[in-house]
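Peer 1: below is the structure, and that's it, no one-letter string:
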């Protein structure tokens, strides 16, 4: 364990410490949505397979510039702490060549326009796309409408788009501006690779970007359709928010003064489906899988891991728990999770997914008390998450003549928290507040997730009954 004076992490300091001088990676990947998960997942995979530095990442933040402000003084370097139940393993990840504020449109345009750029990856969360559930731009969203007008003005100009002053503020708006600059420069094809928990995320983003482009320029939309590929992915690595204790612990282990430490679990998975017309890193050398049909893998992850996380978050918060490990250690909640999984696996392929082994591994991962995965973090954006994690299984169970009671319990846990007045972060917070205040609150809340739920009086009644039985007046069963 290190006990001396800390040195600020940088490429010069690191190369000086180990005596091996490595060039900064050449930027060939652009990433939108710089955060802890991207660093623990795509950046880690890239670093693991690219020792020669041929696939550097230019990473751009989303809503706030904080991650760029932390990483830029460190030349994009950060300490990755892989936390098992027994120990911490630390390494420095080198694949991020530069970190920038997402509002720096000149830099973003220049990087996407560059002929050597081959891949654009995205981690901007489900609500960050500002698309309807079927993947169309939300034309009732003021930011989307304002971006369309900004893009029309920018596209109508013959000026260098990198000089756009009043430019788009949404993630897809910024990406569209940068892709138009690439089209004008004749820089050729690339792949867009969304890495958010959305079924068919490649198709989803392709449809959304096409819809946005059609509002601005059919010529641009046609070019994107002919030139840009969209890769669907399933991503998995539990990565909680970094705490001050994590930063201090990493410093003790390494001797580096690192303001951008990331803590993650040993398990990691990445499944991809689609073409890379301009090339890509050999991510498969670090365990990534390239498949012809991604739906079984993404549904396994969304329904089993993410769905169980949502159930534990809403039910666990109602019992006063703070982390996933605390919640899953509760025998009653563990039984609820198992019951939910029993419903879910009926609607997943029996072959090729090792569902029993996956469930066993999830319990071990959830129970890792050294990974403090906060339930409040998981509970955020419930409307978007429950729509893709729980609804499919519930409707399939009902269609098969079963009650879907475990899925109902998960929905009831969220409804109970909302109706109790618990403040949860959600892009639909205004609509949630309005629904909560209505006489038919449960039905209105379920309609936000999926209108089919509210249209079925039996589902509404079942959710209300589960809420009354399990969450009313302090009952938490």
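Peer 2: Done, it's in. Worth saying up front: this structure is predicted, and the values here are computed from it rather than measured.
Peer 1: ok, how many other residues are close to residue 321?
Peer 2: By other CB atoms under 10 Å, the residues close to residue 321 number 19. Where C-beta positions appear, they are placed from N, C-alpha and C, glycine not excepted.
Peer 1: can you tell me the helix or strand for the nearest residue to it once chain neighbours are set aside?
Peer 2: Computed as CB to CB, 6 or more residues apart in numbering, the closest residue to residue 321 that is not its neighbour in sequence is residue 327, at 4.5 Å. Using DSSP states H and E, residue 327 sits within helix 324-328.
Peer 1: quick check: mean pLDDT across that helix?
Peer 2: Across helix 324-328, the average pLDDT comes to 97.
Peer 1: hmm, who's touching that helix?
Peer 2: 309, 312-313, 315-316, 319, 321, 333-334, 337, 363, 366-369, 371-373, 375, 378 (CB atoms under 8 Å, 6 or more residues apart in numbering).
Peer 1: just stretch 43-53 next, same as before
Peer 2: So stretch 43-53 is contacted by 22-26, 29, 31, 55, 57, 59, 80, 93-96, 268, 270, 281-283, 285-288 (CB under 8 Å, 6+ apart).
Peer 1: from the residues you listed, which would you call buried?
Peer 2: 25, 29, 31, 55, 57, 59, 80, 93-96, 268, 270, 281, 283, 286, 288 (16 or more other CB atoms under 10 Å).
Peer 1: what is the burial count for residue 170?
Peer 2: Neighbourhood size, residue 170 [other CB under 10 Å]: 23.
Peer 1: mind checking how far it is from residue 133?
Peer 2: Per CB to CB, to the nearest Å, residue 170 is found 17 Å from residue 133.
Peer 1: next: residue 319.
Peer 2: From residue 319 to residue 133 the distance is 31 Å (CB to CB).
Peer 1: now residue 12
Peer 2: In this view, residue 12 and residue 133 are 48 Å apart by CB to CB.
Peer 1: who has more neighbours, these two?
Peer 2: More neighbours surround residue 133 than the other of residue 12 and residue 133, with 15 against 9 (other CB under 10 Å).
Peer 1: wait, what's in contact with the more buried one?
Peer 2: Counting by CB under 8 Å, 6+ apart, residue 133 makes contact with 387, 450.
Peer 1: could you do residue 441 as well?
Peer 2: 415, 419, 435.
Peer 1: mind listing which of those are in helices?
Peer 2: Judged by DSSP state H, the contacts of residue 441 include 415, 419, 435 as members of helices.
Peer 1: ok, the last one to residue 382 distance?
Peer 2: Using CB to CB, one obtains 12 Å as the distance from residue 435 to residue 382.
Peer 1: more crowded one of those two?
Peer 2: The neighbour comparison of residue 435 against residue 382 (other CB under 10 Å) goes to residue 382, with 28 against 22.
Peer 1: got a list of what that one touches?
Peer 2: The neighbours of residue 382, taking CB under 8 Å, 6+ apart as the test, are 310, 314, 414, 418, 424, 426, 449.
Peer 1: let's go with 7 Å and repeat that
Peer 2: Residues in contact with residue 382 (CB atoms under 7 Å, 6 or more residues apart in numbering) are 414, 424, 426.
Peer 1: quick one: low-confidence parts of the stretch 151-300 of the chain?
Peer 2: Residue ranges of the stretch 151-300 of the chain with pLDDT under 70: none are present.
Peer 1: tell me where the chain has strands.
Peer 2: Using DSSP state E, the strands of the chain run over 7-8, 27-32, 56-60, 78-83, 88-93, 96-100, 119-122, 190-194, 228-230, 232-236, 256-257, 262-264, 269-273, 289-290.
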